[in-house]
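Colleague: fold the following and give me the result.
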Amino acid sequence: MFSPKEKFYTTPKDIYKPYGGDLEGKPLPKSVDFLDEMGTFEDRMKYATLRGFQVGAFLSSIDIALYTKLTERRAQALRAAYLTIPVMAMATGWMAALEIAKKTFETKKGAYIASALVPAGIMATWRKRPEMFFKSFAPIALIGGMHGYSVDNNLFTGWVPSNPRDPIGGINKETTTLLWPHQREFLYPKGHRGTFMSPVDPGPTYAQFEDKN
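Modeller: Residues are numbered from 1 along each chain as shown. Now for the predicted structure:
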């Protein structure tokens, strides 16, 4: 996320260019918001409800097992509901607010930032602590804004940057030790040239071929 799709730098000494897959010689596809590919609004709400339930159930399980250590079934069920229902409300509220914000704002970045108001408000109301609004709004708006900015500007939208043109598969994987002999330029900055870290290139010499007679 928040990074270009192409290479950050040109690898030196690339004397072999492998096959770049189906995108060889073609422009990279435009970044698309994964939520827009889910189909209808109902499908997106189902997705948010499911993810909210999964996160809430996971957090309640950790809380019951490690924090409160409840043993009575009724108490466990009430504790699980106390944690799971607000998380589901935050997920579904965020998705609904995002749908409205996309029709209000011209950019997806603005829509994602504005939609963070709903889960932050639910968090502050649930915990009965006004300061939780800002503590919840900041990370949700930051991550959502970065994702929306990446979609707006045709940047990489995943978590791990990668070049779609790079071939995928074991046959194209780098297996040499320390990438030898293709040393990376950023490991040998210009300021270290002439030192033990990066000796100066003596340059070509033809002394051995010169006629000394």
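Colleague: would you map the strands across this structure?
Modeller: Counting by DSSP state E, the chain has no strands at all.
Colleague: list the buried ones in the longest helix anywhere in it?
Modeller: The longest helix of the chain (DSSP state H) is helix 73-104. For helix 73-104, burial by neighbour count (16 or more other C-beta atoms under 10 Å) applies to 76, 79-80, 83-84, 86-98, 101-102. Glycine gets a C-beta too; all of them are placed from N, C-alpha and C.
Colleague: any regions of this protein where pLDDT drops low?
Modeller: Along the chain, the model assigns pLDDT under 70 to residues 1-2, 5-27, 159-213.
Colleague: so what's Gly145 closest to, chain neighbours aside?
Modeller: Residue nearest to Gly145 in three dimensions, not counting chain neighbours: Ile113, with 4.7 Å by C-beta to C-beta, 6 or more residues apart in numbering.
Colleague: and for that neighbour, the neighbour number?
Modeller: Number of residues near Ile113 (other C-beta atoms under 10 Å) recorded here: 21.
Colleague: how about the contacts made by it?
Modeller: Ala141, Gly144, Gly145, Gly148 (C-beta atoms under 8 Å, 6 or more residues apart in numbering).
Colleague: now do the closest residue to the second one other than its chain neighbours: how many residues are near it, please.
Modeller: Leaving aside its chain neighbours, Gly144 sits nearest to Tyr112 (3.2 Å; criterion: C-beta to C-beta, 6+ apart). Using other C-beta under 10 Å, Tyr112 has 28 neighbouring residues.
Colleague: isn't Tyr112 right up against Leu98?
Modeller: Yes - in this structure Tyr112 lies within contact range of Leu98 using C-beta atoms under 8 Å: 6.8 Å.
Colleague: ok, the nearest residue to Glu131 once chain neighbours are set aside - contacts?
Modeller: Leaving aside its sequence neighbours, Glu131 sits nearest to Ala124 (C-beta to C-beta, 6+ apart; 7.7 Å). Contacts for Ala124 were tallied using C-beta under 8 Å, 6+ apart; they are Pro130, Glu131, Met132, Phe133, Ser136.
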